[in-house]
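Visitor: fold the following for me, if possible:
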Amino acid sequence: TEHGVRYITETPAESIPPEAITAAKRALLDTTGVALAGVPEDGPTIVRDMVSRHGPGPVAIIGSAQRAQLLDAALATGTAAHALDYDDTTLPLHGHPTAPLLPAVFALAEERGRSGAALLDAFVIGFEVEARLGHAVDPSHYGLGWHATATAGTLGAAAAGARLIGLDAERTRHALGIALSLAGGSRANFGSMTKPLHVGNAARGGLQAVLLAERGFTAAGESIGGPMGFLKLFAAEGEDAPERLEALGESWGIVDPGINVKRYPCCYGTARAADCLFALIEEHDLQLDQIERIDVRVEPGGLAALIHPRPKDGLQGKFSMEYVLTAILLDGKLRLATFEDEAVLRPEAQRFLDRIHTSEGATPPEFAGAPKFAHVEVTLAGGRSLVHAVDEAAGSADHPLSWDELADKYRDTAGRVLDMEAIERGIEHFATLETARSLDGLIADLCPAGD
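Guide: Just a heads-up that it's a prediction; the model follows:
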């Protein structure tokens, strides 16, 4: 715990490298867009209705004209940020790092009038704490049924909040202790509205811990290590958790191993095959009527989540390799609208599904040792075959999207609730966030005039 407290309170802002600040801006742009897209979903709508009963407040709920008290705003924005499961991931956490942090730092920075630079600083520190905690208890934490986005995310949000308002070491220690007792989230709730609620609850819990500690509320001093701290509670016996956590501050996890961005609004198990088909279309100008069949091979277990070869609605379409590839050929892109019910049920889409065949098999020699891959073979009507294979999906930390590609995703996601002028201004706000004296301009462009 002491090591974590010193890291949060003593790391000089100037020691954060420019690459980390750039990574933070990219993450905030991407996940803000995903949160905006999540606003109209049923779960976030219910949460906003609930918090409205508490009365209005000074803090924006992103994507809504509704304003709320600080903790309520963090809860509502956080729930929206994970409602579509379209937000980023990082390997050490075994979860989604930005979604719990963004609502916390946005809400607190707005309420306290902090600058864009201060927000980015707090986000990076919170990210490092969150990711290191998740890594320290992985993989047993996940295997025991915990959702690291919710558990480590709560302490990460507390770390970011403490950093943002400048809590001293003693109060930061108490904030982490309070956050420990507010952390939770079971994988039993995956596939329900409660999974995104985990994120909202982590953001709210982290801020609640900070606000209580700021006012003198106390907690146990040893919340991370110790016989009943985070590492013992949330990991199985034998995990080398303390040793892993000691690496906090030695490098910047937000840079390396970095952040994985979801390029497409569907199951990540389809991403590599989608990249392959896009590459073949670009190289050969493929048209749907030229194609006799498509064969897709992925690593053993790679099809486990893709259980709908003939989807009947938009949700099933997200978990259908057959539909994802068909939609690419029909539309030339994958967008949120691709997974509306009417898009999936198009007769021309349904007719083509049977031409796509999937299998699991051996890793191609060129990807020896790679844990995942996709090998796509397109057979044309004349018998000619075209092949493309990849081991890393576009958007992964090793193959990051460009800023323009991230901005294009933001246009699609934010377009569910914002007009194009506000969207373009928002992109520019994020590009220059470190120079912003306050968040007022950005927040104004993230909130429509009326619901």
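Visitor: show me the contacts for residue 322.
Guide: 309, 310, 311, 353, 356, 358 (CB atoms under 8 Å, 6 or more residues apart in numbering). All C-beta spots, glycine's among them, are computed from the backbone N, C-alpha and C.
Visitor: which of the residues you listed are buried, as a ChimeraX select command?
Guide: In ChimeraX, a selection of the buried entries from the contacts of residue 322 looks like this (16 or more other CB atoms under 10 Å):
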select :309,311,353,356,358
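Visitor: now the contacts of residue 322 in a markdown table, with distance to residue 400, pLDDT and secondary structure?
Guide: Below are the contacts of residue 322 laid out as a markdown table (distance: CB to CB, whole Å; pLDDT from 0 to 100; DSSP: H, G, I helix; E, B strand; the rest coil):
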| residue | distance to residue 400 | pLDDT | secondary structure |
| --- | --- | --- | --- |
| 309 | 32 | 95 | coil |
| 310 | 34 | 95 | coil |
| 311 | 30 | 95 | coil |
| 353 | 32 | 98 | helix |
| 356 | 28 | 98 | strand |
| 358 | 27 | 98 | strand |
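Visitor: now render the contacts of residue 322 as a markdown table, adding distance to residue 105.
Guide: Shown next, in a markdown table, are those (distance: CB to CB, whole Å):
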| residue | distance to residue 105 |
| --- | --- |
| 309 | 42 |
| 310 | 43 |
| 311 | 37 |
| 353 | 43 |
| 356 | 43 |
| 358 | 41 |
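Visitor: which one of the contacts of residue 322 sits closest to residue 249?
Guide: residue 358 (44.3 Å; CB to CB).
Visitor: does the closest residue to the closest one other than its chain neighbours have beta-bridge partners, and which?
Guide: Excluding its sequence neighbours, the residue lying closest to residue 358 (CB to CB, 6 or more residues apart in numbering) is residue 296, at 4.8 Å. Beta-bridge partners of residue 296, counted by DSSP bridges, are residue 358, residue 376.
Visitor: quick check: residue 114 vs residue 162, distance?
Guide: 13 Å (CB to CB, to the nearest Å).
Visitor: those two: who's more crowded?
Guide: residue 162 (32 against 21; other CB atoms under 10 Å).
Visitor: wait, the more buried one sits on residue 172?
Guide: Yes. At 4.4 Å, residue 162 counts as touching residue 172 under the criterion of CB atoms under 8 Å.
Visitor: residues that sit against both of the two, list them.
Guide: With CB under 8 Å, 6+ apart, residue 162 and residue 172 have common neighbours 8, 9, 213.
Visitor: report all helices and strands that the one helix or strand the last one maps to contacts.
Guide: Element membership of residue 213, judged by DSSP states H and E, is helix 194-214. Here helix 194-214 is seen to pack against helix 42-52, helix 70-81, helix 98-112, helix 148-165, helix 169-182 when contacts are counted using 3 or more CB pairs under 8 Å, 6 or more residues apart in numbering; DSSP states H and E.
Visitor: would you reformat those as JSON lines and include mean pLDDT?
Guide: Formatted as JSON lines, the helices and strands packed on helix 194-214 follow (pLDDT from 0 to 100):
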{"stretch": "helix 42-52", "mean pLDDT": "98"}
{"stretch": "helix 70-81", "mean pLDDT": "99"}
{"stretch": "helix 98-112", "mean pLDDT": "99"}
{"stretch": "helix 148-165", "mean pLDDT": "98"}
{"stretch": "helix 169-182", "mean pLDDT": "98"}
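Visitor: circling back to that earlier point, list just the nearest of the shared contacts of residue 162 and residue 172 to residue 257.
Guide: residue 8 (21.5 Å).
Visitor: helix, strand, or coil at the closest one?
Guide: At residue 8 the chain is in helix, as set by DSSP: H, G, I helix; E, B strand; the rest coil.
Visitor: that one against residue 127, yeah?
Guide: No. The criterion here is CB under 8 Å, and residue 8 misses it with residue 127 at 11.9 Å.
Visitor: I'd say residue 46 and residue 194 touch.
Guide: No. If you go by CB under 8 Å, residue 46 and residue 194 don't touch, sitting 11.2 Å apart.
Visitor: burial of residue 260, as a residue count?
Guide: By the criterion of other CB under 10 Å, residue 260 has 22 neighbours.
Visitor: go on, residue 90?
Guide: The tally of other residues near residue 90 (other CB under 10 Å) stands at 23.
Visitor: again, but for residue 225
Guide: When neighbours are defined as other CB under 10 Å, residue 225 has 17 of them.
Visitor: again, but for residue 10
Guide: 10.
Visitor: any idea how far it lies from residue 2?
Guide: 11 Å.
Visitor: do residue 267 as well
Guide: 42 Å.
Visitor: next: residue 144.
Guide: In terms of CB to CB, residue 144 sits 26 Å off from residue 2.
Visitor: ditto for residue 360
Guide: Per CB to CB, residue 360 is found 47 Å from residue 2.
Visitor: likewise residue 307?
Guide: Residue 307 is 47 Å from residue 2, by CB to CB.
Visitor: now swap in residue 399 and tell me
Guide: In terms of CB to CB, residue 399 sits 38 Å off from residue 2.
Visitor: for those two, indicate the residue with more neighbours.
Guide: residue 399 (15 against 12).
Visitor: what strand or helix carries that one?
Guide: Using DSSP H and E, residue 399 falls outside every helix and strand.
Visitor: renumber starting at 44 from here on
Guide: New numbering, starting at 44: the last item is residue 442.
Visitor: where does pLDDT dip in this protein?
Guide: 280-285, 493-494 (pLDDT under 70).
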